[in-house]
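Enquirer: Let me see the structure of the following:
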Amino acid sequence: MKKVYQAMIIVLAFAMLASCTNQKPDLTEEETVPAKIDKVVGVAKIEPEKGLLYIYSNANGKILSINAEVNEIVKQEAVLVSLENATDAAQLNVEESKILTQKASIRSTEINANAILSELQKAKEDVVLNEQLFAAKAITEQTLNDSKAKASKLQIEYQKQLSDVEQAKNKMAEINASVQYQQTVIASKQIKAPFDGKVLQWDIYKGDYVTVGQKLGQYAPDGALIAKTEVDELYAEKVKTGMKADIISQLNGEKIGEGEVVFVAGFLKKKSLFSDENTVEDRRVKEVKVRLKPETQIAINNRVDCIIYLNK
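Expert: Residues are numbered from 1 along each chain as shown. Next up is the predicted model:
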């Protein structure tokens, strides 16, 4: 009887174990269905669509004047900075003064060449005539030889005069090249605006001495603004051009602009947008640019939040 009870207990234990094994947990819908991602948020930097430009010096010299104030809107080719050029202007005047003198020299040599050419043609005609007269026994051989000698001499003089004309013209070409060079030097002493736009800052003062390639300031070309952001690699493939985006102030959380995605990089890279921050991050990102609507007024270089809507 005792063995029967033991067998019943074992069967009952197996039955309870099977019941526990077959029982499914009661999961909520949130736990079984993953949440749908409909937007991506990133930190963005406001820049001109054409990019921020640095203004560099084209020449060595002392700054004579700064012709555009910070935040001043200027037109393309407007002179932003002028360097002293008195010495170069004086040298240009010297070279230009040589032009009239050299033109007169060219005219003089050309007139002489034409005069000799006329004499040469007359001498050649005399030789032909004298040969006929000598054949008719009308002149002596000496007279014929004298006419030939005169023609030969004039031919040599004419060739020399043509050489003088060529040298005078070459000299004029050298003077013109020198004038053009001095004009280029003077032009380089004026730093001009590459596009319509606005001066953001100057790193120089009147009277400073600058050198070729030295950075003078920063310039923002005219045109649309963009919010340049970086999207984490987890969501990078979801972002496409044409998607709508909102720009949010990090100061108060308010919406301060909106735009459209116009560029998505074709590769992943390390975070670099705010590389000046002391952060250690090994995740990779895609660069994304959002062109803001024309009426958007946000300061360049402003740091904002950018919300990209994946279903718009």
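
Enquirer: For the rest of this, base every contact and every neighbour count on C-alpha atoms.
Expert: OK.

Enquirer: And the closest residue in space to Val199 that isn't next to it in sequence, which helix or strand is it part of?
Expert: Using C-alpha to C-alpha, 6 or more residues apart in numbering and skipping residues adjacent in sequence, the residue nearest Val199 is Tyr219, 4.7 Å away. Following DSSP states H and E, one finds Tyr219 within strand 215-221.

Enquirer: Report the rounded mean pLDDT for that strand.
Expert: The average of the pLDDT scores along strand 215-221 is 95.

Enquirer: next one: phi and psi at the residue positioned nearest the centre of the chain?
Expert: The centroid of the chain falls nearest to Pro194 when counting by C-alpha atoms, centre = their mean (8.5 Å). Here is the backbone geometry of Pro194 (degrees, to the nearest 10): phi -70, psi -30.

Enquirer: Flag every buried residue along stretch 40-51.
Expert: Val40, Val41, Gly42, Val43, Ala44, Lys45, Ile46, Glu47, Pro48, Glu49 (16 or more other C-alpha atoms under 10 Å).

Enquirer: Restricted to strands, list these.
Expert: Using DSSP state E, the subset of the buried residues of stretch 40-51 located in strands is Val40, Val41, Gly42, Val43, Ala44, Lys45, Ile46, Glu47, Pro48.

Enquirer: helices or strands next to the longest helix belonging to the chain in the packing?
Expert: Ranked by residue count, the top helix of the chain under DSSP state H comes out as helix 86-135. With contacts defined as 3 or more C-alpha pairs under 8 Å, 6 or more residues apart in numbering; DSSP states H and E, helix 86-135 has these neighbours: helix 141-188.

Enquirer: between the helix it packs on and helix 86-135, how big is the angle?
Expert: For helix 141-188 against helix 86-135, the angle by axes from the mean of the first three to the mean of the last three C-alpha atoms, to 10 degrees is 160 degrees.

Enquirer: per-residue confidence averaged over helix 141-188?
Expert: On average, helix 141-188 scores 95.

Enquirer: Identify each buried residue in stretch 82-91, please.
Expert: Buried-residue list, stretch 82-91, by 16+ other C-alpha under 10 Å: Ser82, Leu83, Glu84, Asn85, Asp88, Gln91.

Enquirer: Distance of the closest residue to the third one other than its chain neighbours relative to Ile191?
Expert: Closest residue to Glu84 in three dimensions, ignoring its sequence neighbours and counting by C-alpha to C-alpha, 6+ apart: Leu64, at 5.2 Å. Going from Leu64 to Ile191 by C-alpha to C-alpha, to the nearest Å gives 12 Å.

Enquirer: Check the gap between Glu69 and Gly266 for me.
Expert: 40 Å.

Enquirer: Next: Val127.
Expert: 86 Å.

Enquirer: Those two: which is more packed in?
Expert: Neighbours were counted for Val127 and for Gly266 using other C-alpha atoms under 10 Å; Val127 has more, 21 against 11.
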